[in-house]
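Asks: Build me a model:
(2 chains)
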Amino acid sequence: MSVPVRLQPDETFVLNVGPQHPATHGVLRVKMEMDGEYIVNAETVIGYIHRMHEKMGELKTYPQYYMNLSRMDYLGALGYCHGHVLLIEKACGIEVPERAEYIRAITVELNRIASHLFWFGAFVMDLGGFSPLMYALQDREHILDILERITGSRLTYSYYRFGGLYNDVDEEFVESTRKFVPRMRKSLKKYRGLVTGNIIFKKRLEGNAPLSRETCRKYGATSAVARGSGINYDVRKNEPYSVYPEFDFDIPVYTEGDSMARYKVRMEEMEQSLRIIEQGLDKLPDGPIMPKKAPKIIKPPVGDYYQAVETARGNFGIRLVSDGTKNPYRLKLRSPTYSNMHLFDESCRGLLIMDALAFMGSIDLVIPEIDR
Amino acid sequence: MILETTHTALAVLFPETETEDFQSEAVDTEAAEEEKKGPKKVAEPRKNGIILRDYAVHGYHLDVQLDPSQLLEAVAIIDSLDYFIESITGVDWIKEEQMEVIYDFSRYDFDLCRVVLRTRTPRAAPSLPSITSIYAGANWHERETHDFFGIKFEGHPHLIPLLLPEDADFHPLLKDFKA
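Replies: Numbers count the residues shown, from 1 in each chain, chains lettered A, B, ... in the order given. Purely as a prediction, here's the structure:
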């Protein structure tokens, strides 16, 4: 005999999303208190792949630790490496040859496009569109090939050195990058037609999870999360480092604050990165890629140093407290997604679960980078 | 200029100390000299107050050392000046038997000013007021600092392990931590 299941009208239940769930793009867990399909409250649980990078920082010497930075964020490793080498160069007063800085900027931007492409494909797949991922991965493959030739790896690049680079670029790099730029522009046009203008896509994202400027400020959100909410903040412009002041590029900003705005910011960022790459190739000076007097042993003077850079995921900060020895006394990594993800708990209240997952996708999560 | 505004606003917290004239640009020459001498000589413990740092060397502009009792007041001033929270972290000064907690703030603006607040608490029983009531985003940062250093943040709504396992009773970034 079957008995009818009776639900209490005002009863909520707890839904566990993750830690192994395709929508979280890694081992992230969100405990959601649900009222039917609506989220009443959410609590993000992180730390499933915490590796204690900061303790490793204290135990290893500076050059040994440098490899860890590219293992933090597997999609945009070069941005993090850039932050680390800039910090050490600043602390030790190492002069970097101009050619090295230009190559750094070009490769970081290539890596940024690769990272955004992967996000784009995965994000659209979250929303139910499968083919854009294949297109995006195809374009990304070209970047990986270009970078593999000069850096020697496809994902965890450790290409920079304190003072310069590990390897100079050659004509073939310049040529293949030049060929890649128009190809990518064509692809971006294709994505605009295929995805951005798609009516289903627009209806899903417009007005989804709007974030206010104040929320972003209280949580320290950066990258497209902040720029989609009308905040004109990009470390490359606000706090210029490396050779970025030499380039003419714009920071896309949208005021809506919804997932569509975050999507548009990242798509336009790829176009701006292409502009930087083009200008970098035009201006690429000749010369050495390592300074003549690069110190063999890195021993920054006693003090406290900070360096922020704009990675593919936002403002990455690195703090070094040095006691003048070969090992850092304290090395703090401020990862951008950590702050961006933190505001999810508060901002997803009242959303449908499907919309919350769309919102989560628009933050651009890379879990190893949150957990460090 | 936000640097001057912030400097003036924070100087209210240190009425006794003569904060040097802003225009004199007395950027940390004293501190730099001290640093050159290296760790051989034990440096005098730093007094509470504001130091203007050379941005090109250190990467931030204002370096403020506070008494823990002034922390909430200082953070409220920072909040009213439209700063966003960047990170919170600790440093274990085992020789001095103190723990330092460092708060980083910056602004969504082209008028650049990075502010670092630091405060110290005894290593034996480290405890500081929580700033989550002012910056909601401090929640995870404080939990993380509690994980790594065992610093207790009074008034934190949910001070349980964040990055470490939920039953963790160790603090790996302590200098005397043995795995």
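Asks: and stretch A:332-347, average pLDDT?
Replies: For stretch A:332-347, mean pLDDT rounds to 90.
Asks: before we move on, what about stretch A:138-152?
Replies: Mean predicted confidence for stretch A:138-152 is 90.
Asks: With stretch A:229-240 instead?
Replies: Here the average pLDDT along stretch A:229-240 is 89.
Asks: who's in contact with it?
Replies: The contact list for stretch A:229-240, computed with CB atoms under 8 Å, 6 or more residues apart in numbering or on different chains, reads A:210-213, A:215-217, A:221-222, A:226-227, A:241, A:244, A:251, A:253-255, A:257, A:261, A:308-310, A:315, B:108-110, B:112. Any C-beta I mention is one placed from the backbone N, CA and C, and that applies to glycine too.
Asks: which parts of that stretch are buried?
Replies: For stretch A:229-240, a neighbour-count test (16 or more other CB atoms under 10 Å in any protein chain shown) marks A:229, A:230, A:231, A:233, A:234, A:235, A:236, A:238, A:239 as buried.
Asks: can those residues go into a markdown table with extra columns for distance to residue B:97?
Replies: Listed next are those as a markdown table, based on distance: CB to CB, whole Å:
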| residue | distance to residue B:97 |
| --- | --- |
| A:229 | 44 |
| A:230 | 47 |
| A:231 | 42 |
| A:233 | 40 |
| A:234 | 42 |
| A:235 | 37 |
| A:236 | 42 |
| A:238 | 39 |
| A:239 | 36 |
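Asks: Mark which of the contacts of stretch A:229-240 are buried, thanks.
Replies: Buried by 16+ other CB under 10 Å: A:210-211, A:213, A:215-217, A:221-222, A:226-227, A:241, A:244, A:251, A:253-254, A:257, A:261, A:308-310, A:315, B:108, out of the contacts of stretch A:229-240.
Asks: Which of the residues you listed fall within strands?
Replies: A:308, A:309, A:310, A:315 (DSSP state E).
Asks: is it true that the last one touches residue A:336?
Replies: Meaning residue A:315. Yes - at 5.3 Å, residue A:315 and residue A:336 qualify as touching, with contact defined as CB atoms under 8 Å.
Asks: List the residues that contact whatever residue of the stretch 51-200 of chain A ends up closest to chain B.
Replies: Per CB to the nearest CB, residue A:55 is where the stretch 51-200 of chain A lies closest to chain B, at 5.2 Å. Residue A:55 makes contact with B:172, B:173, according to CB under 8 Å, 6+ apart.
Asks: what about it, helix or strand, and which?
Replies: For residue A:55, the host element (DSSP states H and E) is helix A:53-59.
Asks: For the stretch 51-200 of chain A, which segments are assigned as helices?
Replies: Using DSSP state H, counting those that start in this stretch, the helices of the stretch 51-200 of chain A run over A:53-59, A:62-70, A:77-92, A:98-126, A:131-151, A:171-191, A:199-205.
Asks: Using TSV, please lay out the ones in strands among the buried ones among the contacts of stretch A:229-240 together with distance to residue A:16 and pLDDT.
Replies: As requested, those are exported to TSV (distance: CB to CB, whole Å; pLDDT from 0 to 100):
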residue	distance to residue A:16	pLDDT
A:308	36	90
A:309	36	91
A:310	35	91
A:315	31	90
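Asks: So which of those residues reach chain B?
Replies: Applying CB under 8 Å from any CB of the partner chain to these, one finds that A:308, A:315 fall near chain B.
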